[in-house]
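S.K.: Build the 3D model from these lines:
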Amino acid sequence: MNILLTGVNGQVGWELRRTLATLGKVSAPTRSQLDLTDPGAIRSLIRSLRPNLIVNPAAHTAVDKAESEPELARAVNAIAPAIMAEEVAKLGAAMIHYSTDYVFDGNKPGAYTEDDTTHPLGVYGQTKLEGENAIRAAAIPHLILRTSWVYGLRAGNFLLTMQRLFKEREQLRIVADQYGAPTWSRMIAEATAQILAQQPFGQGKEALHGTYHLSSRGRASWYQFAQAILDQTTQAGAKRPELIPIPSTDYPTPARRPANSVLAGDKLLRSFGLLLPDWDAALGLCLDKPEKET
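M.R.: Model (predicted):
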């Protein structure tokens, strides 16, 4: 395949550049080489490269900043993927796009399925949903992979923030009433490559196109995630900061977060035979910690 990969310096994009390399030629422009707020630049690059697959993990992911810069968020999260989809249609190509648990409002008590009604609470979720809808409207072969609470060993994320704060503070107050499934960026990239390896886009494959939830199994609050990071990164006998669980009302933010971000992975398992590990087991793999014996 001739693959165009965006967001190469982001958490998922950096991993995808490596996992997709065995499947074809990967062109991976940096932000300075491809400005996703410039529709003309997007069209020009796609027409020059003529990829038969665009993989788009790039996004405006600063959830709180999106509230104060909605046009920038919309340009990257909605308009850019819409343009990509239009160009894909002209080329007869295909597209993989990554979306988010934030397209839901978090009021459902159980895990969200792909068929549940979307209702984003803020600009980030709304613009990501607009991007999803634009890709669907283009009627191209596509996969929209929704994921949640992405972390890794690069870029900015909760894991790296906690590791830094553990060294700086004696006490941390962590939200304990928002739940999701922390998902390692490498698992997202590896699953994507496995999907492509076993089910390439092309004739007769349309039935498996569509929206899929791709996140770790299990359920954790931000407090539980922080506690697991602390347990797996602090050596025995070392000084540990105190973690204090708090309600989200004690930590107001510009953007509202869904109280429940858990995504069901049943459809991914049925279609592709893939099931990501429990979030705490994946965290251990990310931190290179042996799994505890039971």
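S.K.: any idea where the strands of the stretch 151-294 of the chain begin and end?
M.R.: In the stretch 151-294 of the chain, strands defined by DSSP state E, counting those that start in this stretch lie at 171-175, 179-180, 183-184, 210-213, 220-221, 242-246, listed in chain order.
S.K.: Walking through the chain, point out its helices one by one.
M.R.: Assigned by DSSP state H, the chain shows helices spanning 11-19, 39-49, 63-68, 70-74, 80-91, 123-137, 158-168, 185-198, 222-233, 266-272, 279-286.
S.K.: what's the closest of these to K239?
M.R.: Nearest of the helices of the chain to K239, taken as CB to CB: helix 158-168 at 9.5 Å. C-beta: built from backbone N, CA, C; applies to glycine.
S.K.: contacting residues around the residue of the chain most remote from its centre?
M.R.: In the chain, counting by CA atoms, centre = their mean, G237 sits farthest out from the average C-alpha position, at 35.4 Å. If you count contacts by CB atoms under 8 Å, 6 or more residues apart in numbering, G237 has none.
S.K.: so how far is L36 from it?
M.R.: The gap separating G237 from L36 is 48 Å, by CB to CB, to the nearest Å.
S.K.: Of all the helices of the chain, which one is nearest A111?
M.R.: A111 sits nearest to helix 266-272 of all the helices of the chain, at 8.7 Å, using CB to CB.
S.K.: Name the residues that touch that closest one?
M.R.: Here helix 266-272 makes contact (CB under 8 Å, 6+ apart) with 113-114, 191, 194-195, 198-199, 208, 212-214, 274-275.
S.K.: would you turn those into a markdown table with distance to Q126?
M.R.: Formatted as a markdown table, the contacts of helix 266-272 follow (distance: CB to CB, whole Å):
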| residue | distance to Q126 |
| --- | --- |
| T113 | 20 |
| E114 | 18 |
| A191 | 26 |
| Q194 | 31 |
| I195 | 27 |
| Q198 | 34 |
| Q199 | 31 |
| L208 | 28 |
| Y212 | 21 |
| H213 | 19 |
| L214 | 21 |
| L274 | 29 |
| L275 | 30 |
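S.K.: Out of these, flag the one nearest to I96.
M.R.: Of all the contacts of helix 266-272, I195 has the smallest distance to I96: 8.3 Å, by CB to CB.
S.K.: ok, for that closest one, nearest residue in space, not its chain neighbours?
M.R.: Leaving aside its chain neighbours, I195 sits nearest to F272 (5.3 Å; criterion: CB to CB, 6 or more residues apart in numbering).
S.K.: among the strands of the stretch 151-294 of the chain, which is the most enclosed?
M.R.: Across the strands of the stretch 151-294 of the chain, the average number of neighbours (mean count of other CB atoms under 10 Å) peaks for strand 183-184, which reaches a mean of 27.
S.K.: partners of it in the sheet?
M.R.: strand 150-151 (parallel) (DSSP bridges).
S.K.: And the average pLDDT for the strand it pairs with is what?
M.R.: Strand 150-151 shows a mean pLDDT of 97 in the predicted model.
S.K.: V150 is in contact with T183, isn't it?
M.R.: Yes. Using CB atoms under 8 Å, V150 is in contact with T183, at 5.5 Å.
S.K.: Kindly reformat the contacts of helix 266-272 as a markdown table containing pLDDT and distance to A93.
M.R.: Formatted as a markdown table, the contacts of helix 266-272 follow (pLDDT from 0 to 100; distance: CB to CB, whole Å):
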| residue | pLDDT | distance to A93 |
| --- | --- | --- |
| T113 | 98 | 28 |
| E114 | 97 | 23 |
| A191 | 97 | 21 |
| Q194 | 95 | 21 |
| I195 | 93 | 16 |
| Q198 | 83 | 19 |
| Q199 | 71 | 16 |
| L208 | 73 | 17 |
| Y212 | 97 | 19 |
| H213 | 98 | 24 |
| L214 | 98 | 21 |
| L274 | 95 | 23 |
| L275 | 94 | 29 |
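S.K.: Show the buried residues in the residues you listed.
M.R.: E114, A191, I195, Y212, H213, L214, L274 (16 or more other CB atoms under 10 Å).
S.K.: want to throw those residues into CSV with distance to Y124?
M.R.: Conversion of the buried ones among the contacts of helix 266-272 to CSV gives the following (distance: CB to CB, whole Å):
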residue, distance to Y124
E114, 20
A191, 23
I195, 25
Y212, 20
H213, 18
L214, 18
L274, 26
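S.K.: Thanks a lot, catch you later.
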